[in-house]
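S.K.: any chance you could fold what I've pasted below:
(one chain, ligands or ions: 1)
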Amino acid sequence: LLRASAFPREMDGIPGSLGWPFVGESLSFISEFSSPAGIFSFMNKRQQRYGKVFKSYVLGRYMVFTTGREASKMLLTGKDGMVSLNLFYTGQKVLGPNSLLQQNGEDHKRLRRLIAEPLSIDGLKKYFQFINTLAIETFDQWPGQKVLVLEEASTFTLKVIGNMIMSLEPTGEEQEKFRENFKIISSSFASLPFNIPGTAFYRGMKARDRMFEMLDTIIARRRNGNDLQQDFLGSLIKKHNKEGKDDDEKLTDAQMKDNILTLLIAGHDTTTAALTWLIKFLEENPAALDRLREEHMEIRSKRQVGTSLTWSEVNNMPYTAKVVSETLRRATILPWYSRKAAQDFEINGYSIKKGWSVNLDVVSIHHDPQVFADPFKFDPSRFDDHLRPYSYLGFGNGPRMCPGMNLAKLEISIFIHHLVCRYKWKALEKDDSVQPTLVRMPKNKYPVFVELL
Ligand code: HEM
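M.R.: Predicted structure coming up:
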């Protein structure tokens, strides 16, 4: 904390205010974060006053914020090792030193190639049936009920990823253990950095140990030939066994475990939030819901009676794809992408020094009226036309673009298909507040009443 609060004098040249002693501008940042408009109003006010590049002191860090397509291209491409990912202290400790999020340059490229392969469209095909059946079973419980969409989406996405990674059954003791540890780890991810008994960080590190013990047992079972499965872990174990291949092409057990945890953390809250916002935006925009329902009813009507959704159908849902993109634009569930300058460089004429935290304000990019007319309107048809590069960043861009995006789109498309074909739903509260967490989610978990169509 002391290191983070040492003011870099060279920042004098960057416009902006550092706010109050110790807290800086954290209070207004946090309160605007959980308002319906999110950090857009925090950013917008300062951009009006200082321009596209400004400094601030928030969440215990001196930060430079910037926005726009040019800055986005520069920071996300990170050419010639210009920037690295800026993960905060608790995130680093919880994910571990081998996490993809802590690698840069060639090491990052290599690790990403090794772990992202099973997440390609072809690699995902074998999980389709599990996801489809789980979606149908989830919805069987919904009619005539009050449903907290966020909780249901969270359970669904966790069961999907648990099955995909290590063939966990959707119910039973192992699933419960996995779920309990995951929840503790997840809530410690962005906690205060005090590793002493009683703190969220301490509990998170203990849950990480328990999760790794569970993975060690599964890995040992697999290596003994007792439990051969065609899942993510199975394909890593097969590829990265002790013999064959040179060391550069092999993952150690520590690398496997840190990166399994990384995929779980990076993939769970994001997909849960996306599903919840999507269902909320559809209820608030009946014209978009009608058009989406038309697409899915047509798919269903062409199918033989008694058969279910197929892999080729799910890969041919053009309007659904636009609804997903519009949801990620409007909600911007990861509102800013953080980088650390790995060398000195310039942005918009301002000198950035090595070591500084440089943050891309994505909310303003996603609500730029020059690119998205009437930007606060939910309108999937704005994705009919091709957009200019770096103006839409729902899954990021460049070398760190989301490796899980095909999985997220698959889960969402299957879930939405069954939802709109079978049900209508009505929001039970009009509350647009947002949780003050890293991933933007509705604070009230979006309660709805569900009925059969
Ligand atoms: C709708 C759901 C999702 C959204 C909106 C999303 C969004 C993003 C974004 C914007 C980034 C880049 C952040 C940056 O540049 O700083 C990212 C990176 C990442 N995502 Fe996702 N994601 C989603 C689902 C998933 C899933 C399902 C997984 C894994 C199973 C996943 C794994 C990752 C990983 C590991 C990274 C880091 C990549 C790297 O550093 O090379 N994400 N995601």
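S.K.: show me the contacts for residue 313.
M.R.: Shown in contact with residue 313 (C-beta atoms under 8 Å, 6 or more residues apart in numbering): 299, 303. (Glycine included, C-beta is placed from N, CA and C.)
S.K.: separation between it and residue 303?
M.R.: Separation of residue 313 from residue 303 (C-beta to C-beta, to the nearest Å) stands at 8 Å.
S.K.: so is stretch 254-265 next to the ligand?
M.R.: Yes - using C-beta under 6 Å from any ligand atom, stretch 254-265 reaches the ligand at 262-263.
S.K.: what are the contacting residues of that stretch?
M.R.: Residues contacting stretch 254-265 (C-beta under 8 Å, 6+ apart): 94-101, 111, 115, 161, 165-166, 182, 185-186, 189, 208, 211-212, 215-216, 219, 232-233, 236-237, 240, 251, 404.
S.K.: next one: that stretch to chain centre, how far?
M.R.: 15 Å (C-alpha atoms, centre = their mean, to the nearest Å).
S.K.: try stretch 401-414
M.R.: With C-alpha atoms, centre = their mean, you get 10 Å for stretch 401-414.
S.K.: just the CA atoms of the strand or helix carrying residue 63, as CSV, please.
M.R.: Assigned by DSSP states H and E, residue 63 belongs to strand 61-66. In CSV, the C-alpha atoms belonging to strand 61-66 read as follows (Å, rounded to 0.1, in the frame of the first residue of the first chain):
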residue,chain,number,x,y,z
ARG,A,61,-3.4,3.4,-6.9
TYR,A,62,-2.3,6.4,-9.0
MET,A,63,-3.9,5.7,-12.4
VAL,A,64,-4.0,7.3,-15.8
PHE,A,65,-7.3,6.9,-17.6
THR,A,66,-7.6,7.1,-21.3
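S.K.: now do the helix or strand following that strand: distance to the chain's middle.
M.R.: Later in the chain than strand 61-66, the nearest helix or strand by DSSP H and E is helix 69-77. When distances are taken as C-alpha atoms, centre = their mean, helix 69-77 is centred 20 Å away from the chain's centroid.
S.K.: tell me which residues of the longest helix seen in the chain come out buried.
M.R.: What stands out as the longest helix in the chain, according to DSSP state H, is helix 253-284. For helix 253-284, the neighbour count (16 or more other C-beta atoms under 10 Å) marks 253, 255-283 as buried.
S.K.: was I right to think residue 30 contacts residue 438?
M.R.: No - between residue 30 and residue 438 there is no contact under C-beta atoms under 8 Å: 11.9 Å.
S.K.: what's around the closest residue to residue 381 other than its chain neighbours, how many residues?
M.R.: The shortest distance from residue 381 to any non-neighbouring residue, by C-beta to C-beta, 6 or more residues apart in numbering, is to residue 322 (6.9 Å). Residue 322: 19 surrounding residues under other C-beta atoms under 10 Å.
S.K.: what about residue 322, which SS state?
M.R.: Classification of residue 322 using DSSP: H, G, I helix; E, B strand; the rest coil returns helix.
S.K.: please apply the same query to the one 5 residues further on.
M.R.: What three-state DSSP gives for residue 327 is helix.
S.K.: that one against residue 278, yeah?
M.R.: Yes - the pair residue 327 / residue 278 is scored as a contact, 4.4 Å apart, by C-beta under 8 Å.
S.K.: closest residue of the chain to the ligand?
M.R.: In the chain, the residue that lies nearest the ligand is residue 404 (2.0 Å; C-beta to the nearest ligand atom).
S.K.: and that residue, what's its pLDDT?
M.R.: Here, the pLDDT recorded for residue 404 equals 96.
S.K.: could you find the closest non-adjacent residue to it?
M.R.: Closest to residue 404 by C-beta to C-beta, 6+ apart is residue 267, at 4.7 Å.
S.K.: touching, that neighbour and residue 154? I think so.
M.R.: No - the pair formed by residue 267 and residue 154 falls short of the contact definition of C-beta under 8 Å, at 11.9 Å.
S.K.: how about the residues of the protein by the ligand?
M.R.: Residues of the chain lying near the ligand (C-beta under 6 Å from any ligand atom): 85, 100-101, 112, 262-263, 266-267, 270-271, 274, 328, 333-334, 337, 394-396, 400, 402-404, 407-408.
S.K.: residue ranges with poor pLDDT in the stretch 51-200 of the chain?
M.R.: Within the stretch 51-200 of the chain, no stretch has pLDDT under 70.
S.K.: in the chain, which spans are strands?
M.R.: Under the criterion DSSP state E, strands of the chain are mapped to 53-58, 61-66, 83-85, 146-148, 336-341, 345-347, 350-352, 357-361, 423-427, 447-452.
S.K.: so what strands line up beside the fourth one?
M.R.: Strand 146-148 has the following sheet partners, assigned by DSSP bridges: strand 447-452 (antiparallel).
S.K.: export the strand it pairs with as PDB, just CAs?
M.R.: Provided in PDB are the C-alpha atoms of strand 447-452 (Å, rounded to 0.1, in the frame of the first residue of the first chain):
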ATOM      1  CA  PRO A 447     -35.900 -11.100  -9.600                       C
ATOM      2  CA  VAL A 448     -38.500 -12.100 -12.200                       C
ATOM      3  CA  PHE A 449     -41.800 -14.000 -12.300                       C
ATOM      4  CA  VAL A 450     -41.800 -16.700 -14.900                       C
ATOM      5  CA  GLU A 451     -44.800 -18.200 -16.800                       C
ATOM      6  CA  LEU A 452     -45.200 -20.700 -19.700                       C
END
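S.K.: so what touches that strand?
M.R.: 142-149, 279, 283, 422-429.
S.K.: what's the answer for stretch 280-298, then?
M.R.: The contact list for stretch 280-298, computed with C-beta under 8 Å, 6+ apart, reads 149, 317-320, 323, 326-327, 330-331, 378-380, 416-417, 420-421, 425-427, 442, 446, 448.
S.K.: would you mark the buried spots in it?
M.R.: Those would be 280-283, 285, 288-289, 292-293, 295-296, for stretch 280-298 by 16+ other C-beta under 10 Å.
S.K.: for stretch 378-385, same thing?
M.R.: 378-380, 382-383.
S.K.: and residue 275, how far is that from residue 396?
M.R.: Distance from residue 275 to residue 396, counting by C-beta to C-beta: 19 Å.
S.K.: let me fix that: residue 299
M.R.: Taking C-beta to C-beta, one finds residue 299 at 29 Å from residue 396.
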